[in-house]
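**Q** Sequence and predicted model, in that order:
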Amino acid sequence: MHKRMTREEAEASIAGLHRKIERYAELAVKKGASVQPGQELVINAPVERADFARLLAKKGYDAGAGHVTVIWADDAVARLEYEHMDVSYFENVPAWKREQLNSLAADGATFLHVRGNDPNALTNIDPKKLALRARAQSTQCDVYRDGLDFGKNAWSIAGAPVAAWAKRVFPDASEYEAMYRLWDAILVAARADGPDPQAEWERHNATFEKNKRMLNEHSFDRLRYYSANGTDLEVGMNPGHRWMGGACRTVDGVVFFPNIPTEEVFTSPDCKRINGVVRSVLPLVYAGNVIQDFWLRFKDGKVVEYDALQGKDVLRSILETDERSCMLGECALVAKDTPIRQSGLLYYDTLFDENASCHLALGTGFPECLDKGLSMSKEELMAHGVNQSTTHVDFMIGADDLEITGITHAGDEVPVFTDGRWSWSID
């Protein structure tokens, strides 16, 4: 049995992580957001982690940022807003917020989002309010959204613990011990627990390059997914599709890592050629609500039937966000031998949990995953099979026995995943 820490022991242990947390902050600023000399760095952070936000701001200035803006978030205040405001309020983004995000993006800022949320913060909040806010932010903060989606602005997401999240991941520990254990787990998951995380990420990126090369050389017509749990799905690929993962580049050539951690290689499938059934293997936490044990049936690209043991109404709100939120925008491949999967932890946060499992995403696809996609309009992307929506929601499907077969345009079958691992990495 795990020996319980006293508050003093836990706080001392967190203090002992200080140098690692500093290196993690440097990684997030320099490799993640890839701040350039004179550039604006925008940090979104929970108020509970003001200490980490200040550390990121310092590292930003140390790296040559021209200015650092911090935008604060608070789960408790957000819940109060959802509880007290009428549903119509969430149909629009306040003008000052639109101006803030759009002007920062237009001026070339890089964005660093610190994820640290209570997974239960918005439990029982009207799903319609959540969906309306997501759609409003996507459509009305259009310069900001397009800047991130079309490679004009670098951006990155990294995690930092807050007490409620730590307690959800480690429910049997005290708040102080849970905070220490989650900090430690985040550093391990982010490959930031060693002496030189930035060098480690350069090595990590080389693995992505190998897997992307193998997939892109085959240029599959479709992938077939099968697991004993009932997943039996065929996912069509777009002509000219590209597999991405690891480092990305802006249109100006700046290299950045959108997610810290990341273990996925991904592309945008042909959203009109998805057929079959897929089952989740991990809970989906969406806007503070948990969706458990759910399945989706696709026909010609659209979800035509679904169910969930818990959170079916929230799942429905995702599928009904807009006309195409019931279609896929991403398929991502993640081996079961990654650090997050091997930890055995459920983080209740998609940033981490999606890197424990192969996953799919409902909603919008990625222009960079199509040849010349970054120069296409949204209408052109949709015509080429890259889904366009106001939402993007990942869900995990990577069972331990997952088999994925790539089918070429000539009809040849190539093993891609065998028992949940890359087929070409199995001895």
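**A** Received the coordinates, thanks.
**Q** Might you list the low-confidence residue ranges for the stretch 301-427 of the chain?
**A** Applying pLDDT under 70 to the stretch 301-427 of the chain flags the ranges 426-427.
**Q** ok, which stretches of it are helices?
**A** Taking DSSP state H, counting those that start in this stretch, the helices of the stretch 301-427 of the chain run over residues 312-319, 339-343, 350-353, 378-383.
**Q** what does the stretch 1-150 of the chain give?
**A** If you assign secondary structure with DSSP H, counting those that start in this stretch, the helices in the stretch 1-150 of the chain sit at 7-16, 18-27, 50-62, 75-84, 95-106, 127-140, 142-149.
**Q** wait, which of these is closest to residue 36?
**A** Ranking these by distance to residue 36, with CB to CB as the measure, places helix 50-62 first at 10.9 Å. Where you see a C-beta, it was placed from the backbone N, CA and C, and this is true even at glycine.
**Q** Give me the distance from that closest one to the chain's centre.
**A** Using CA atoms, centre = their mean, to the nearest Å, the mean C-alpha position of helix 50-62 is found 23 Å from that of the whole chain.
**Q** and the angle for it with helix 18-27?
**A** 50 degrees (axes from the mean of the first three to the mean of the last three CA atoms, to 10 degrees).
**Q** Give me the average confidence score over helix 50-62.
**A** The predicted model assigns helix 50-62 a mean pLDDT of 98.
**Q** So residue 192 lies in a helix, does it not?
**A** No: under DSSP: H, G, I helix; E, B strand; the rest coil, residue 192 sits outside any helix and is assigned coil.
**Q** related to what we said a few turns ago, lowest mean pLDDT across the helices of the stretch 1-150 of the chain, which one is that?
**A** Across the helices of the stretch 1-150 of the chain, the stretch with the lowest average pLDDT is helix 127-140; it has a mean of 90.
**Q** Pick out the residue closest to the middle of this protein.
**A** By CA atoms, centre = their mean, the chain has its centre lying nearest to residue 351, at 4.3 Å.
**Q** follow-up on the earlier one: select, out of the helices of the stretch 301-427 of the chain, the one closest to residue 73.
**A** The minimum distance between residue 73 and those falls on helix 350-353, with 14.6 Å, by CB to CB.
**Q** Residues contacting that closest one, please?
**A** 115, 157, 159, 186, 189, 259, 261, 282-285, 340, 345-347, 394, 396 (CB atoms under 8 Å, 6 or more residues apart in numbering).
**Q** so what secondary structure elements neighbour the longest strand anywhere in the chain?
**A** What stands out as the longest strand in the chain, according to DSSP state E, is strand 289-299. When contacts are defined as 3 or more CB pairs under 8 Å, 6 or more residues apart in numbering; DSSP states H and E, strand 289-299 packs onto strand 274-279, strand 284-286, strand 302-310, helix 312-319.
**Q** quick one, the longest one and strand 274-279 angle?
**A** Just to be clear, that refers to strand 302-310. Relative orientation of strand 302-310 with respect to strand 274-279: 0 degrees, computed using the same axes, to 10 degrees.
**Q** tell me what strand 302-310 is packed against?
**A** For strand 302-310, where contacts count as 3+ CB pairs under 8 Å, 6+ apart, the packed elements are strand 289-299, helix 312-319.
**Q** Let's see that with 10 Å instead.
**A** When contacts are defined as 3 or more CB pairs under 10 Å, 6 or more residues apart in numbering; DSSP states H and E, strand 302-310 sits against strand 274-279, strand 289-299, helix 312-319.
**Q** Kindly report the same for the shortest one.
**A** For strand 284-286, the helices and strands in contact under the criterion 3+ CB pairs under 10 Å, 6+ apart are helix 127-140, strand 289-299, helix 312-319, helix 350-353, strand 392-396.
**Q** switch to 8 Å and redo it
**A** Strand 284-286 makes packing contacts with strand 289-299, helix 312-319, helix 350-353, strand 392-396 when contacts are defined by 3+ CB pairs under 8 Å, 6+ apart.
**Q** Then the last one?
**A** The elements that helix 312-319 packs onto, with contact taken as 3+ CB pairs under 8 Å, 6+ apart, are helix 127-140, strand 284-286, strand 289-299, strand 302-310.
**Q** Tell me which of those sits nearest to residue 205.
**A** With respect to residue 205, and counting by CB to CB, the nearest of the helices and strands packed on helix 312-319 is strand 284-286 at 27.8 Å.
**Q** what comes up buried for that closest one?
**A** For strand 284-286, a neighbour-count test (16 or more other CB atoms under 10 Å) marks 284-286 as buried.
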